[in-house]
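K.L.:
okay, structure incoming, though there's no sequence with it:
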C-alpha cells in the first residue's frame, strides 16, 4: 500500500493576513505616487496599480472575505448588524467606487502626465481602498 503524502498548507487566516500586508504595501505605493505627482509618475504605472487593486485586492482578497470569512464569522455568533462584518463589505464597496473613479479620472490624462492628487483625491483613496 502506497503511503499518502500530507501537504502542509497555510492557515486560511494567515493567508488573509499576508494578503492584507500586500494590500498595505500597494497602498503605500499609491501614497508614494501621490506625493511625487507632477510629471514624476507615469499614468500607465497608476493604471497598473489600479488593475492590481481590481484583480488581487478586490477579486481575490475581498471575495474570500465576503464569500467565506464573513459568513463563517456570522455563523460563529458575531452579528452582522452593528458588528465589524456589517461594516467591512461597505468599506470594500467604497474602495471599489474609489478605484473606478480613479480609473475614470486617469482616462483624461495622457500617458506621460500625472496630476494624481487634484484628479484623484489621494487621501480618501488611500484610506478606503483596502
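P.N.:
Sure thing, it's come through. Computed from a predicted model, the values in this text were never measured in an experiment.

K.L.:
these two touch, right, residue 73 and residue 89?
P.N.:
No - under the criterion of C-beta atoms under 8 Å, residue 73 makes no contact with residue 89, lying 11.8 Å away. In short, each C-beta sits where N, CA and C put it, glycine included.

K.L.:
so these two - more neighbours on which side?
P.N.:
The residue with the greater number of neighbours, taking residue 73 and residue 89 and applying other C-beta atoms under 10 Å, is residue 73; the counts read 17 against 14.

K.L.:
flag every buried residue along the helix ranked longest in the chain.
P.N.:
In the chain, taking DSSP state H as the definition, the longest helix is helix 12-36. Judged by neighbour count (16 or more other C-beta atoms under 10 Å), helix 12-36 contains these buried residues: 19, 23, 26, 27, 30, 33, 34.

K.L.:
check the offset of it from the chain's centre.
P.N.:
Centroid separation between helix 12-36 and its chain, computed with C-alpha atoms, centre = their mean, to the nearest Å, is 7 Å.

K.L.:
got a pLDDT number for the residue most central in space within the chain?
P.N.:
Most central residue of the chain, judged by C-alpha distance to the mean C-alpha position with C-alpha atoms, centre = their mean, is residue 57 at 3.6 Å. Per-residue confidence for residue 57 comes out at a pLDDT of 93.

K.L.:
again, but for the one 4 residues further on
P.N.:
On the pLDDT scale, residue 61 is placed at 95.

K.L.:
could you measure from the closest residue to it other than its chain neighbours over to residue 64?
P.N.:
Residue nearest to residue 61 in three dimensions, not counting chain neighbours: residue 19, with 4.6 Å by C-beta to C-beta, 6 or more residues apart in numbering. Summarising the geometry, the distance separating residue 19 from residue 64, computed by C-beta to C-beta, to the nearest Å, is 8 Å.
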